[in-house]
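S.K.: Starting from these lines, generate the structure:
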Amino acid sequence: MVSIPGGTFRMGSERFYPEERPVREVVVEGFWMDRGPVTVSDFRRFVDATGYVTVAERPLDPADFPGADPAALVPGSLVFRKTDGPVDLRDVLQWWDYEPGATWRDRPEDHPVTHVAFEDAESFATWAGKQLPTEAEWEFAARGGLEDADFAWGDEHSPGGRPMANTWQGEFPWQNLLADGYEGTSPVGAFPPNGYGLLDITGNVWEWTSDFFGGDQSAKACCAPRQPGDPIARRVIKGGSHLCAPNYCLRYRPAARQAEGVDTSTQHIGLRCIARDFIPNG
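M.R.: Next up, the predicted model:
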């Protein structure tokens, strides 16, 4: 884990999306944060030790899906499908599919774990003796000591032409130019750390926080379809992902935020933990 010193910072941004406003001063106490997002290997140790079954692996209750064919109610998760060409960006169902059997087990061991709902993330954190960060704690850490910078590494998108995070280059959702070398998620640590030494704090995968998303949630998602039963209480996710592109979702920034349903599991949401009382070895 990495020691995050705490302090006062300007949270939010006035330069991008409405849900990031207003900019306000927030005080954060010091804490420790996982250097990188929880990996598939990390999560596997948790499952092996506890027998935990994720939301995406559990049988679906027909009562939650009135009118649906019971034969179609099989466990799974949302998976991204690149389109053949330009599409209407208002219709996220053109690039998201519900895939039966899609789970956290589908990725390499050194990649961030994905297909984890909020309950899964919270259960892992509890098992590890840690917590999920608040939105303010997450954003303070992601800024790495930089005041008002657009990105976790500064204001320049690609300094010297170098990609600084795993994001989408090209026209979303059909043209990924792969300038960063990755079509999907990347191994944790493939890109430079921020000023606090945190790896993949933006890009690669969205990360759960413990905070509820308050206010109007009707237009706060850029990346995944709404779940049955809206409106529902939603948690804040932070950091953007490998599916964020400037022409559609410039959310791989510390100030960016999104409301996500607690039962949502997709191939681009993961987690990292914090500890407010932690004594490092030695």
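
S.K.: residue ranges for the helices of this structure, please.
M.R.: Here the chain has its helices, by DSSP state H, at 40-50, 118-127, 135-143.

S.K.: how about these, which one is nearest residue 109?
M.R.: The closest of those to residue 109 is helix 40-50. By C-beta to C-beta, the value is 4.2 Å. C-betas here are computed from N, CA, C, even on glycine.

S.K.: which intervals of the stretch 151-282 of the chain have sub-threshold pLDDT?
M.R.: 215-232, 279-282 (pLDDT under 70).

S.K.: Where do the strands of it begin and end?
M.R.: Remark: strands assigned in the stretch 151-282 of the chain by DSSP state E, counting those that start in this stretch are 206-212, 234-238, 258-261, 269-270, 274-275.

S.K.: ok so, going back, save the helices of the chain as a markdown table, and put in distance to residue 255, mean neighbour count and mean pLDDT too.
M.R.: A markdown table is the format used below for the helices of the chain (distance: least, C-beta to C-beta, whole Å; neighbours: other C-beta atoms under 10 Å; pLDDT from 0 to 100):
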| stretch | distance to residue 255 | mean neighbour count | mean pLDDT |
| --- | --- | --- | --- |
| helix 40-50 | 27 | 16 | 98 |
| helix 118-127 | 21 | 20 | 98 |
| helix 135-143 | 7 | 24 | 98 |
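
S.K.: and of these, who's closest to residue 22?
M.R.: helix 135-143 (14.1 Å).

S.K.: which residues sit against the closest one?
M.R.: Helix 135-143 is contacted from outside by 4, 6-7, 9, 11, 26, 28, 31, 33, 133, 149, 152, 194-196, 198, 201-202, 207, 209, 211, 236, 238-239, 254-255, 257, 274, using C-beta atoms under 8 Å, 6 or more residues apart in numbering.

S.K.: Please compute how far that helix lies from its chain's middle.
M.R.: 13 Å (C-alpha atoms, centre = their mean, to the nearest Å).

S.K.: Kindly report the same for stretch 147-160.
M.R.: The answer for stretch 147-160 is 19 Å, by C-alpha atoms, centre = their mean.

S.K.: so which of the helices of the chain gets nearest residue 15?
M.R.: helix 135-143 (14.5 Å).

S.K.: how far off strand 234-238 does that closest one point, in degrees?
M.R.: 10 degrees (axes from the mean of the first three to the mean of the last three C-alpha atoms, to 10 degrees).

S.K.: and the helices of the chain as JSON lines, adding distance to residue 168?
M.R.: Listed next are the helices of the chain as JSON lines, based on distance: least, C-beta to C-beta, whole Å:
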{"stretch": "helix 40-50", "distance to residue 168": "22"}
{"stretch": "helix 118-127", "distance to residue 168": "24"}
{"stretch": "helix 135-143", "distance to residue 168": "19"}
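
S.K.: Just the buried residues out of the contacts of helix 135-143, in PyMOL syntax.
M.R.: The PyMOL selection below is limited to those of the contacts of helix 135-143 classed as buried (16 or more other C-beta atoms under 10 Å):
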select buried, resi 4+9+11+26+28+31+33+133+149+152+194+196+198+201+202+207+209+211+236+238+239+254+255+257+274
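
S.K.: and stretch 189-196, how far apart are its ends?
M.R.: Taking C-alpha to C-alpha, to the nearest Å, the first and last residues of stretch 189-196 lie 14 Å apart.

S.K.: Please apply the same query to stretch 153-166.
M.R.: Counting by C-alpha to C-alpha, the terminal residues of stretch 153-166 are separated by 13 Å.

S.K.: can you pull the buried residues of it?
M.R.: For stretch 153-166, by 16+ other C-beta under 10 Å, it's 153, 157, 163-166.

S.K.: which residues in the stretch 1-150 of the chain form strands?
M.R.: 2-4, 7-11, 24-28, 31-33, 76-80, 96-100.

S.K.: related to what we said a few turns ago, what's the closest of the helices of the chain to residue 187?
M.R.: helix 40-50 (10.3 Å).
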